[in-house]
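K.L.:
Give the three-dimensional model of this entry:
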Amino acid sequence: MDFLVSLDQFHFLRPAWLLLLIPAGFLVWSVYRRSDSLRAWKKLISPHLLDHLLVHESGERGRWRPLYILGFAWLIGILALAGPSWQMQASPFSEDQSALFIVVKVTPQMMAQDIQPSRLQRSVMKIHDLLQRKSDLRTGLIAYAGSAHLVMPLTSDAGVINNFAEALEPGIMPKDGDEPAEAIALANQRLKDAGVPGSIVLITDYIDTSQLSALEALYQQNAYEVHILAMAAGPEVIPPPDSYPAPPLDMKSLREAARIMDGTVTEVTADKRDVDRLSASIDSSLKNAPAQEGQRWKDEGYYLLILLALILLTFFRQGGSVTLE
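P.N.:
Take a look at the predicted model:
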């Protein structure tokens with residue numbers, strides 16, 4: 001049964017290399033024709049008589065002539081390059097440490113100044129503070145508006161994350177809108193590919209109720225907890241007259257989103273208490289998160305190289321050569 005399953009999964013990782021079989025076959029055929037000293041006689045004498053009329057040199061009747069060995073070696077080499085595979089293996093790039101994805105909303109609404117200097121600029125400050133707390137985690141950054149975009153894949157370099165976060169502004173986003181579900185889906189996929197325990201931090205000021213069903217479906221599929229940092233002030237705060245118009249903090253929608261993703265909501269503060277609470281929530285998630293082993297197809301072509309080396313050893317013996325004139 002296992003053999004049948006393996007046979008059903010058999011494929012080549014780099015099938016384009018199989019195209020080399022065409023020129024290799026032509027070259028073997030050309031060498032064979034040129035090395036056939038009896039080619040002219042075969043046109044004049046019947047093959048069954050010719051074999052008895054000629055005196056064969058020693059070894060000429062051997063089944064494994066150097067040309068045949070060369071052709072077989074080429075076949076093995078090309079198959080190795082094509083990468084035969086039929087089973088999965090753990091990805092060597094999966095490191096034995098946890099990971100965190102920070103998802104930040106980058107829309108004109110985040111330019112509101114009810115939180116100084118603005119919601120987006122304060123988000124960047126909080127990202128910096130959070131990275132200081134979680135320096136032991138590989139961290140990635142995703143920005144979203146009407147579409148989600150990977151700003152930085154998982155990295156241990158907090159400075160790179162900070163630099164890219166500071167460059168975020170609504171003008172660089174290619175599509176207007178507010179699609180947190182798409183951004184969470186991207187973070188989920190990246191964490192799944194990494195194959196390590198992970199958690200997600202969503203920095204936003206509001207989540208539309210139309211997004212809740214999609215967020216719930218994502219959590220049921222991937223089970224990465226999402227912790228929300230609420231980046232908006234309450235209705236009691238009056239923003240400056242030149243502030244971008246934006247609704248005040250709506251904790252009800254944020255709490256509902258956090259509930260369906262088994263996360264928490266932390267309201268932004270002027271000090272670092274919000275980052276401390278967020279850091280504690282992340283730690284709790286990572287302790288309970290099962291590691292999902294990153295996998296890829298195992299390249300079995302390396303084993304063919306051993307056979308190829310043994311075959312090529314025969315060319316070091318006397319008479320083990322092939323020439324093309």
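K.L.:
Only C-alpha atoms from now on, for both contacts and neighbour counts.
P.N.:
Will do.
K.L.:
Confirm for me that P153 is in contact with V160.
P.N.:
No. Applying C-alpha atoms under 8 Å as the test, P153 and V160 come out as separate, 10.4 Å apart.
K.L.:
How about the secondary structure of V104?
P.N.:
strand (DSSP: H, G, I helix; E, B strand; the rest coil).
K.L.:
quick one: which of P153 and V160 has more around it?
P.N.:
Neighbours per residue (other C-alpha atoms under 10 Å) separate P153 from V160, with P153 holding more: 16 against 12.
K.L.:
so what pLDDT did the more buried one get?
P.N.:
We have a pLDDT of 93 for P153.
K.L.:
so who does the closest residue to it other than its chain neighbours touch?
P.N.:
Distances taken as C-alpha to C-alpha, 6 or more residues apart in numbering place G140 nearest to P153, at 4.7 Å, with adjacent residues excluded. Taking C-alpha atoms under 8 Å, 6 or more residues apart in numbering, we find G140 in contact with A99, L100, F101, I102, V151, M152, P153, L154, T155, I161.
K.L.:
got the CA coordinates for the strand or helix carrying G140 in CSV?
P.N.:
Using DSSP states H and E, the element containing G140 is strand 138-144. Once non-C-alpha atoms are left out, strand 138-144 reads as follows in CSV (Å, rounded to 0.1, in the frame of the first residue of the first chain):
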residue,chain,number,x,y,z
ARG,A,138,11.6,36.2,14.2
THR,A,139,9.2,38.9,13.1
GLY,A,140,7.5,39.7,9.8
LEU,A,141,5.6,42.8,8.7
ILE,A,142,2.4,43.1,6.6
ALA,A,143,0.6,46.3,5.5
TYR,A,144,-2.9,46.4,4.2
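K.L.:
The residue nearest in space to the middle of the chain: what secondary structure?
P.N.:
Centroid-nearest residue in the chain, with C-alpha atoms, centre = their mean: D193, separated by 5.6 Å. Recorded secondary structure, D193: helix (three-state DSSP).
K.L.:
again with the one 10 residues further on
P.N.:
Using three-state DSSP, the secondary structure recorded for I203 is strand.
K.L.:
F12 reaches A82, doesn't it?
P.N.:
Yes. Contact criterion C-alpha under 8 Å: F12 and A82 qualify, at 5.7 Å.
K.L.:
so where's the stretch 101-250 of the chain shaky on pLDDT?
P.N.:
The stretch 101-250 of the chain contains no residues with pLDDT under 70.
K.L.:
For it, which segments count as strands?
P.N.:
Taking DSSP state E, counting those that start in this stretch as the criterion, the stretch 101-250 of the chain carries its strands at 138-144, 148-155, 198-204, 226-230.
K.L.:
Let me know which of those strands is the nearest to Q121.
P.N.:
Set against Q121 and scored by C-alpha to C-alpha, those come closest in strand 198-204, at 11.6 Å.
K.L.:
same for that closest one, what does it pack against?
P.N.:
Applying 3 or more C-alpha pairs under 8 Å, 6 or more residues apart in numbering; DSSP states H and E, one finds that strand 198-204 makes contact with strand 99-105, helix 180-194, strand 226-230, helix 273-288.
K.L.:
check contacts around I115.
P.N.:
Contacts of I115 (C-alpha under 8 Å, 6+ apart): R122, M231, A232, A233, P239.
K.L.:
The first one against Q116, yeah?
P.N.:
Yes. R122 is in contact with Q116 according to C-alpha under 8 Å; the separation is 6.9 Å.
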